[in-house]
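A.B. asks: build me a model from this:
(one chain, ligands or ions: 4)
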Amino acid sequence: MSQSLHLFSPSSSGVALPKHSLRFTPSVSTSNRRFPVTSFPRRCCFAIRASASASSDPKVLETENGKPEVLSHVTASPEPAAVSSDSASIEVDAVTEVELKENGFRSTRRTKLVCTIGPATCGFKQLEALAVGGMNVARINMCHGEREWHKAVIERVRRLNEEKGYAVAIMMDTEGSEIHMDDLGGAPSAKAEDGEIWTFTVRAFGSSRPERTINVNYDGFAEDVAIGDELLVDGGMVRFEVIEKIGPDVKCRCTDPGLLLPRANLTFWRDGSLVRERNAMLPTISAKIQHHLETKQNEGEEWPWKAVGGDRFGDIGETKNTVICWRRVDWLDIDFGIAEGVDFIAISFVKSAEVINHLKSYIAARSCDRMADDGISLLQCSDIAVIAKIESIDSLKNLEEIIQASDGAMVARGDLGAQIPLEQVPSAQQRIVQVCRQLNKPVIVASQLLESMIEYPTPTRAEVADVSEAVRQRADALMLSGESAMGQFPDKALTVLRSVSVRIEKWWREEKRHEAMELPEVGTSFSDSISEEICTSAAKMGFSILGKSNNLGVDALFVYTKTGHMASLLSRCRPDCPIFAFTTTTSVRRRLNLQWGLIPFRLSFSDDMESNLNKTFSLLKARGMIKSGDLIIAVSDMLQSIQVMNVP
Ligand SMILES: Nc1ncnc2c1ncn2[C@@H]1O[C@H](COP(=O)(O)OP(=O)(O)OP(=O)(O)O)[C@@H](O)[C@H]1O
Ligand SMILES: CC(=O)C(=O)O
Ligand SMILES: [K+]
Ligand SMILES: [Mg+2]
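C.D. replies: Ligands and ions are numbered 1, 2, ... in the order given. Below you'll find the model as predicted:
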């Protein structure tokens, strides 16, 4: 078996490059950039047989957010496939179609959009409006609401995907170990005025809560704070000074007035520095649960946190009386996420790669159990991607190792801005985005992108500039928080993200302003290296020169990928033309929906590239997504090949 990179030019039907000489050198001039459709020489292919399930699946093609189309007469045989010529049987993906009409073929939006779902957007119609508006990922935040509420949202998104053909992925965000306030007894907000005295306490009050009293979720709160400390709500939206401690009650004077929101995050500062010693940021597990733990441990029972071990997870034997761990509720949420088959789990307040590694093994073990229980096949069972939220000083310290261990990262600027000086947040963002790109992990820029749109229908100029900067940095995705969760204008906020993204992407493409980034090799095996070379070469051919068109006038990159890896390698190069990513499973398709520039489709394909291409051309032409004469570069992880051709 040999591994070859095949480049097609007008003078040759296929060139097999020798091993270790996989540099792409354009062999054609731009004046002669239309190629005949060439056939793939099967004798020199590195071929992986199509899996049984791929060939027995109904022949389906789905676009990013489009309805599935069943093409019963398409075969997966290695012979050139019979393809549908009946365009009427092909339903057009609403979102991609709208964006294609709005922006033209080459100007589809590359930046992906994540919306936090909350009371303002949890209904079916509201979710549908977001999907139509370009939401690629729906985020649910386990800090807020009950599990039942989140379950209902997940079910609605699923129904939306099934009934209306979208591929909206679901991201579950864990509560994490931060200290936060209670839900204000159900009130939407509370106003703290200058000089007022408020009590922060761990005492439970039930319905008879005294005025200006806030419950705190962290048992050690009163012990850890000191008189004179500064208490910041949501990173400084409201500030208090600690003036007195009475048992579990901490009396504070408001020094910076503002609106307290339910479950707002709390940090405390001493002499200008964030207080982090004594594990102040990690809630101790409650005595009740600890007792339960010890009893069960004595019975020799296995524990989820035991299974993943490590001090941060509360290895029970080691920390008898002060078990420090992710709170039990996080584990229950993680189990919930696995059972619901969410696509991403975002982990709040990650401190080290160890946390991510443990969680990934846990998910893998749990997913296998689930697979066995449900009798579902390996291909159907998605492994859930783990997103590391970078929102603490520790996470910045261990940034590279955390991102390397994760499947992606989030620049969680809300809490990050409460832990480092605000003026350092932009450079931290730039660094995180850059490290993610180098390590080939998708990155989301989150929090306060359009904060004023919670209340107003138009953004501030400064917010538009902030969104533009994240797009310019070519982050994979932008995220709405309060704007979509509880704001008055969720659809308008999404429209702003969408239109600013498209405009800035186009501007930078035309101006050729993007600095080239040195991308180190990420793979470890020879086969990985070949995939990287192939993708780099293909993407290079898809780059523009002189602000006009790309080297060869390439209209789109096609990638046929089972795991999604080759698609992400192409995305990482941030080429100028759109990337159509074809994959065989819906879960991989949904996951690819988070990555820059990918238009993910589900398609049953075989290991015969010629038949795959013919089938794809026919389907996409019928949708008006490509036309005869368009120049396509196709790569595939089954054959590790590159093909350059015109759509017939
Ligand atoms: N499921 C929900 N139910 C009620 N309110 C919600 C829900 N999700 C979000 N919200 C509201 O929207 C606001 C912004 O949501 P988001 O989850 O992005 O912020 P956050 O709580 O600051 O995030 P994190 O806790 O991850 O740092 C929250 O402060 C809350 O008021
Ligand atoms: C999103 C989030 O968790 C933050 O900004 O803090
Ligand atoms: K959270
Ligand atoms: Mg946060």
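
A.B. asks: isn't there a helix covering Ala129?
C.D. replies: Yes: assigned with DSSP: H, G, I helix; E, B strand; the rest coil, Ala129 falls within a helix.

A.B. asks: quick one, what contacts it?
C.D. replies: When contacts are counted by CB atoms under 8 Å, 6 or more residues apart in numbering, Ala129 touches Pro490, Asp491. All C-beta spots, glycine's among them, are computed from the backbone N, C-alpha and C.

A.B. asks: end to end on stretch 342-352, go ahead and measure it.
C.D. replies: End-to-end distance for stretch 342-352: 23 Å, by CA to CA, to the nearest Å.

A.B. asks: can you confirm whether that stretch lies near ligand 3?
C.D. replies: Yes: residues of stretch 342-352 contacting ligand 3 under CB under 5 Å from the ion: Ser348.

A.B. asks: please renumber the chain so that the first residue is 237 from this point on.
C.D. replies: Happy to do that; since the first residue is 237 now, the last one works out to stretch 578-588.

A.B. asks: what sits against the closest residue to Gln665 other than its chain neighbours?
C.D. replies: If the residues on either side of it in the chain are set aside, Gln665 comes closest to Val647, at 4.9 Å by CB to CB, 6 or more residues apart in numbering. Residues in contact with Val647, defined by CB under 8 Å, 6+ apart, are Ile626, Ala664, Gln665, Ile668, Val669, Val679, Ile680, Val681, Ala682, Ala711.

A.B. asks: and the one helix or strand Asp727 maps to, how far out from the chain middle?
C.D. replies: Using DSSP states H and E, Asp727 sits in helix 726-747. Offset of helix 726-747 from its chain centre (CA atoms, centre = their mean, to the nearest Å): 19 Å.

A.B. asks: so what secondary structure elements neighbour the helix or strand following that helix?
C.D. replies: Sequence-wise, the next helix or strand downstream of helix 726-747 (DSSP H and E) is helix 762-777. When contacts are defined as 3 or more CB pairs under 8 Å, 6 or more residues apart in numbering; DSSP states H and E, helix 762-777 packs onto strand 792-796, helix 801-808, strand 867-872, strand 877-882.

A.B. asks: just the mean pLDDT for the first one, thanks.
C.D. replies: The one in question is strand 792-796. For strand 792-796, mean pLDDT rounds to 94.

A.B. asks: helix/strand/coil for Arg710?
C.D. replies: With three-state DSSP as the basis, Arg710 sits in coil.

A.B. asks: Cys813 contacts Ser343, doesn't it?
C.D. replies: No: judged on CB atoms under 8 Å, Cys813 makes no contact with Ser343 at a distance of 10.2 Å.

A.B. asks: if we can go back for a sec, mean pLDDT lowest where, among the helices and strands packed on helix 762-777?
C.D. replies: Between the helices and strands packed on helix 762-777, the lowest average pLDDT goes to strand 877-882, which shows a mean of 89.

A.B. asks: which residue does the chain have closest to ligand 2?
C.D. replies: Closest residue of the chain to ligand 2, CB to the nearest ligand atom: Gly650 (2.7 Å).

A.B. asks: chain neighbours aside, what residue packs nearest to that residue?
C.D. replies: Closest residue in space to Gly650, ignoring its immediate chain neighbours: Ser683 at 3.9 Å, by CB to CB, 6+ apart.

A.B. asks: contacts only, for the one you found.
C.D. replies: The contact partners of Ser683, by CB under 8 Å, 6+ apart, come to Ala648, Arg649, Gly650, Gly653, Met715, Ser717.

A.B. asks: residues from the stretch 487-636 of the chain in reach of ligand 4?
C.D. replies: Glu627.

A.B. asks: who in the stretch 487-636 of the chain is up against ligand 1?
C.D. replies: Residues of the stretch 487-636 of the chain found near ligand 1 (CB under 6 Å from any ligand atom) are Leu497, Pro498, Asn501, Ser584.

A.B. asks: can you rerun that using 5 Å?
C.D. replies: Within the stretch 487-636 of the chain, the positions adjacent to ligand 1 are Leu497 by CB under 5 Å from any ligand atom.

A.B. asks: measure Gly483 to ligand 4 for me?
C.D. replies: Per CB to the ion, to the nearest Å, Gly483 is found 30 Å from ligand 4.

A.B. asks: so what's that residue up against?
C.D. replies: Residues near Gly483 by CB under 8 Å, 6+ apart: Ala458.

A.B. asks: residue in the stretch 637-786 of the chain nearest to ligand 3?
C.D. replies: Ala648 (8.2 Å; CB to the ion).

A.B. asks: could you look up the SS state of Leu856?
C.D. replies: Taken by three-state DSSP, the conformation at Leu856 corresponds to helix.

A.B. asks: which residues touch the closest residue to it other than its chain neighbours?
C.D. replies: Once flanking residues are discounted, Leu856 sits nearest to Ile862: 4.6 Å by CB to CB, 6+ apart. Ile862 sits next to Phe341, Asp791, Ala792, Phe853, Leu856, Ile868, Val883 when contact means CB under 8 Å, 6+ apart.

A.B. asks: next, format those as TSV and append distance to Ala426 and neighbour count.
C.D. replies: Below are these laid out as TSV (distance: CB to CB, whole Å; neighbours: other CB atoms under 10 Å):
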residue	distance to Ala426	neighbour count
Phe341	51	15
Asp791	55	21
Ala792	52	23
Phe853	60	22
Leu856	54	22
Ile868	58	23
Val883	60	19
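
A.B. asks: re the thing from before, mind listing what the residue nearest to the residue of the stretch 637-786 of the chain closest to ligand 3 when sequence neighbours are not counted touches?
C.D. replies: Of all residues not flanking Ala648 in the chain, Glu627 sits nearest, at 3.7 Å (CB to CB, 6+ apart). The contact partners of Glu627, taken as CB under 8 Å, 6+ apart, are Ser584, Phe585, Met646, Ala648, Arg649, Gly650, Asp651, Leu652, Gln655.

A.B. asks: ok, now Trp505?
C.D. replies: Here Trp505 is in contact with Asp465, Glu466, Leu467, Leu468, Val511 (CB under 8 Å, 6+ apart).

A.B. asks: tell me how far it lies from Lys776.
C.D. replies: From Trp505 across to Lys776, the span is 49 Å (CB to CB, to the nearest Å).

A.B. asks: helices or strands up against the helix or strand hosting Arg838?
C.D. replies: Take DSSP H and E as the rule and Arg838 turns out to sit in strand 834-839. Using 3+ CB pairs under 8 Å, 6+ apart as the contact criterion, the elements in contact with strand 834-839 are strand 296-298, helix 801-808, strand 815-819, helix 822-828, helix 845-858.
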